[in-house]
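Trainee: predicted model and sequence below, questions to follow.
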Amino acid sequence: MSDNISLSLAEMRELSENILIDNGFSKDHAKSITDVMAACQQDDCHSHGLFRLFMCTQSMKLGRISGSAQPDVIDAAPSVVRANANGGISLLALDAALPLLIEKTKKNGIAALAINHCYHFSALWPEVEKLSAVGLAGLAMVPSHAWVAPAGGKRGTLGTNPLAFSWPRPGQHPFTFDFATSQFARGEIELYRRAGKPLPEGVAIDKEGQPTTDAEAAMAGAMMTFGGYKGSALSIMIELLAGPLIDDLTSKESMEAADGQPEAPYHGEIIIAFDPNLFSAGKAVANNDRAERLFADIIDQGARLPSQRRYQARERNLARNAVEIPRTLYNDLLALRK
Ligand code: NDP
Ligand code: PYC
């Protein structure tokens with residue numbers, strides 16, 4: 001018997017929505033969550049695909065997340081939108097606030113969306129690609145839980161704090177990157193633990209502050225930032241912009257609020273959008289050609305653009321109208337049905 005199982009794209013969506021609804025999420029929440037999880041699974045982003053259903057359902061069991069909260073969208077200033085998720089998952093709030101963010105960006109050239117009081121479990125690239133899909137460039141940042149030691153430190157203070165960016169490229173996939181500012185995302189370490197595989201060197205330290213390749217010890221100890229002090233500084237910036245700036249929690253405060261419970265991190269998120277038409281003094285087309293020359297120069301030397309692996313996975317999975325997931329994952333997911 002193969003170690004993997006194939007699910008059609010429709011079966012994947014149905015499985016995700018059914019699990020979420022069975023576990024107390026409203027249809028609206030289940031749709032917004034499934035849109036992003038299915039997009040990740042379809043692009044072979046395994047750490048934030050169907051696997052994240054465990055985090056969602058576990059959080060629901062702990063009783064603090066609201067599976068039926070309706071977000072409030074607030075027109076806070078000419079270039080500022082706020083969305084209060086009211087204790088629900090971030091994604092429904094994002095879907096509700098996105099039209100106003102786009103409208104303000106197209107009017108003013110730049111606008112930001114602060115999502116507050118949300119539980120957050122997801123990858124950020126689907127969010128910034130919603131902006132590049134309508135011709136805008138976008139940045140998104142979010143804290144998480146204080147699992148990551150600052151460069152030179154020995155205990156978790158920072159989150160895995162992802163940073164995502166997308167740049168529209170008419171007629172082709174956007175230029176997008178999306179990565180944790182830790183060496184590995186927490187989800188990736190969890191996948192190593194599930195698979196019983198050792199981590200590469202330099203990813204984590206144990207509770208005593210000693211380097212470890214054991215995923216369990218890494219989860220009990222602290223993870224390392226990527227790029228030493230540079231990744232550490234970026235991570236601190238994300239704490240500030242997606243925390244105190246928008247009147248929401250840092251990773252440390254979010255972890256304290258969770259009080260040891262293994263729930264999805266609860267905090268805020270910031271998304272900043274730019275309209276190239278309004279920044280480039282009527283030269284957006286010429287400037288786009290210059291951006292393309294930059295990409296061509298990178299590709300010509302044999303380097304790859306970020307997201308290329310993802311776009312290739314998407315093409316493959318769309319062509320066969322299916323995704324492959326480990327059979328063990330599938331069986332564990334089925335056990336979440338009620
Ligand atoms: P990866 O290290 O897997 O990938 C990071 C980015 O780098 C991707 O855009 C990837 O493109 C690109 N990339 C990888 N290899 C190369 C290469 N050789 N050349 C050029 N580009 C490359 O990401 P992480 O494990 O750090 O993060 C995974 C996900 O976890 C992200 O989507 C992130 O949003 C999510 N996350 C969410 C958190 C949350 O709190 N909500 C916290 C932390 C992470 P490609 O995909 O094509 O390989
Ligand atoms: O993979 O680091 C992670 C993560 C944290 C919250 C959601 N994903």
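Mentor: Thanks, I have it. Ligands and ions are numbered 1, 2, ... in the order given.

Trainee: can we go C-alpha only for contacts and neighbour counts from here?
Mentor: Will do.

Trainee: helix, strand or coil for the residue nearest to the spatial centre of the chain?
Mentor: Central residue check for the chain by C-alpha atoms, centre = their mean: the C-alpha nearest the mean position is that of Ala123, 1.9 Å away. Put simply, Ala123 is coil when judged by DSSP: H, G, I helix; E, B strand; the rest coil.

Trainee: quick one: it from Gly302, how far?
Mentor: According to C-alpha to C-alpha, to the nearest Å, Ala123 stands 27 Å off from Gly302.

Trainee: tell me what the helix ranked longest in the chain is packed against?
Mentor: Looking across the chain with DSSP state H, the single longest helix is helix 90-108. Judged by 3 or more C-alpha pairs under 8 Å, 6 or more residues apart in numbering; DSSP states H and E, the packing partners of helix 90-108 are helix 27-42, strand 72-77, strand 80-84, strand 110-119, strand 266-274.

Trainee: going by neighbour count, list what's buried in that helix.
Mentor: For helix 90-108, a neighbour-count test (16 or more other C-alpha atoms under 10 Å) marks 90-94, 96-98, 100-102, 104-106 as buried.

Trainee: would JSON lines of the residues you listed with pLDDT and distance to ligand 1 be doable?
Mentor: As requested, those are exported to JSON lines (pLDDT from 0 to 100; distance: C-alpha to the nearest ligand atom, whole Å):
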{"residue": "Ser90", "pLDDT": "98", "distance to ligand 1": "10"}
{"residue": "Leu91", "pLDDT": "98", "distance to ligand 1": "11"}
{"residue": "Leu92", "pLDDT": "98", "distance to ligand 1": "14"}
{"residue": "Ala93", "pLDDT": "98", "distance to ligand 1": "15"}
{"residue": "Leu94", "pLDDT": "98", "distance to ligand 1": "13"}
{"residue": "Ala96", "pLDDT": "98", "distance to ligand 1": "19"}
{"residue": "Ala97", "pLDDT": "98", "distance to ligand 1": "18"}
{"residue": "Leu98", "pLDDT": "98", "distance to ligand 1": "18"}
{"residue": "Leu100", "pLDDT": "98", "distance to ligand 1": "23"}
{"residue": "Leu101", "pLDDT": "99", "distance to ligand 1": "20"}
{"residue": "Ile102", "pLDDT": "98", "distance to ligand 1": "21"}
{"residue": "Lys104", "pLDDT": "98", "distance to ligand 1": "25"}
{"residue": "Thr105", "pLDDT": "98", "distance to ligand 1": "23"}
{"residue": "Lys106", "pLDDT": "97", "distance to ligand 1": "25"}
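
Trainee: and which of the residues you listed is nearest ligand 2?
Mentor: Closest approach to ligand 2 among the buried residues of helix 90-108 (C-alpha to the nearest ligand atom): Ser90, at 11.4 Å.

Trainee: you'd agree that closest one is up against Leu124?
Mentor: No. The pair Ser90 / Leu124 is not scored as a contact, 11.0 Å apart, by C-alpha atoms under 8 Å.

Trainee: enumerate the residues of the protein near ligand 2.
Mentor: 121-122, 144, 160, 185-187 (C-alpha under 6 Å from any ligand atom).

Trainee: of the residues you listed, list those near ligand 1.
Mentor: Restricting these to those near ligand 1 - C-alpha under 6 Å from any ligand atom - leaves 121-122, 144, 160, 185.

Trainee: by neighbour count, which of those residues wins?
Mentor: Within those, neighbour counts (other C-alpha atoms under 10 Å) peak at Thr160, which reaches 31 neighbours.

Trainee: just the pLDDT at Pro168, thanks.
Mentor: Here, the pLDDT recorded for Pro168 equals 97.

Trainee: what pLDDT is listed against Arg309?
Mentor: 97.

Trainee: same check on the one 10 residues further on?
Mentor: Looking at Ala319, its pLDDT is 98.

Trainee: ok, it to ligand 2 distance?
Mentor: Ala319 sits 28 Å away from ligand 2, going by C-alpha to the nearest ligand atom, to the nearest Å.

Trainee: pull out the buried positions in the helix or strand that residue falls within.
Mentor: Under the criterion of DSSP states H and E, Ala319 resides in helix 308-320. By neighbour count with 16+ other C-alpha under 10 Å, helix 308-320 contains the buried residues 310-311, 313-314, 316-317.

Trainee: for His267, see how far away Ile115 is.
Mentor: 9 Å.

Trainee: ok, now Gly221?
Mentor: 22 Å.

Trainee: please apply the same query to Arg337.
Mentor: 28 Å.
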